[in-house]
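**Q** below is the structure, and that's it, no one-letter string:
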């Protein structure tokens, strides 16, 4: 019994180590001014499933693209609630919010209904193909908690990676306000 516990703990510490190392790799997120990689994903908004692509979303204004580890986990649920509570602020700034994880589209529909109040799109990125393009893949099928603000010209205006979900909404709103601020002469 002790041997099983020791093996389980060793496996857990191994996963934590991989996660930490993965987080270090992910810290090389896309830089401000870089061109945002194009993507097309299936996304849920409530029970509805949409095809969302970056080019079309940018035609309406800036895009807040946020990657999260897994639907219905405590941090991801908190982050979804925070985004949904402030969706009016994002809309007022002309932004489209798109959350992305590796969860399948049926899970994203439930997550959108129950945790996001169907306030914004929640996309399915099986295999983390898009997350990898955005340097937001952590380990296995888990995305790192990384938020981007993408300017209407398709460049990265802001990038933030932190597994603590509490600052992503405020930080992306601040970046949007700065993006929308009149240029100083």
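**A** That came in fine, so what should we check first? Just so it is clear, the model here is predicted, and its values are computed rather than measured. Numbering: from 1, shown residues only.
**Q** residues touching residue 97, list them.
**A** Going by CB atoms under 8 Å, 6 or more residues apart in numbering, residue 97 touches 63, 64, 66, 83, 87, 90, 119, 120, 121. Backbone N, C-alpha and C define where each C-beta goes, glycine included.
**Q** and it, how far is that from residue 182?
**A** 24 Å (CB to CB, to the nearest Å).
**Q** same check, this time on residue 102
**A** Distance, residue 102 to residue 182, by CB to CB: 39 Å.
**Q** same check on residue 143?
**A** 35 Å.
**Q** which one of these two is surrounded by more residues?
**A** residue 143 (26 against 5; other CB atoms under 10 Å).
**Q** thought that one was touching residue 67?
**A** Yes - between residue 143 and residue 67 there is a contact at 4.1 Å, judged by CB atoms under 8 Å.
**Q** please enumerate the shared neighbours of these two.
**A** Counting by CB under 8 Å, 6+ apart, the residues touching both residue 143 and residue 67 are 100, 101, 125, 131, 136.
**Q** now secondary structure, pLDDT and neighbour count too, for the residues you listed, in JSON lines please.
**A** As requested, these are arranged in JSON lines below (DSSP: H, G, I helix; E, B strand; the rest coil; pLDDT from 0 to 100; neighbours: other CB atoms under 10 Å):
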{"residue": "100", "secondary structure": "strand", "pLDDT": "98", "neighbour count": "26"}
{"residue": "101", "secondary structure": "strand", "pLDDT": "98", "neighbour count": "27"}
{"residue": "125", "secondary structure": "coil", "pLDDT": "98", "neighbour count": "25"}
{"residue": "131", "secondary structure": "helix", "pLDDT": "97", "neighbour count": "24"}
{"residue": "136", "secondary structure": "coil", "pLDDT": "95", "neighbour count": "26"}
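**Q** re earlier: pick out whichever of the contacts of residue 97 sits closest to residue 41.
**A** residue 121 (8.8 Å; CB to CB).
**Q** ok, the closest one - contacts?
**A** Residue 121 touches 43, 44, 45, 50, 52, 96, 97, 98, 99, 112, counting by CB under 8 Å, 6+ apart.
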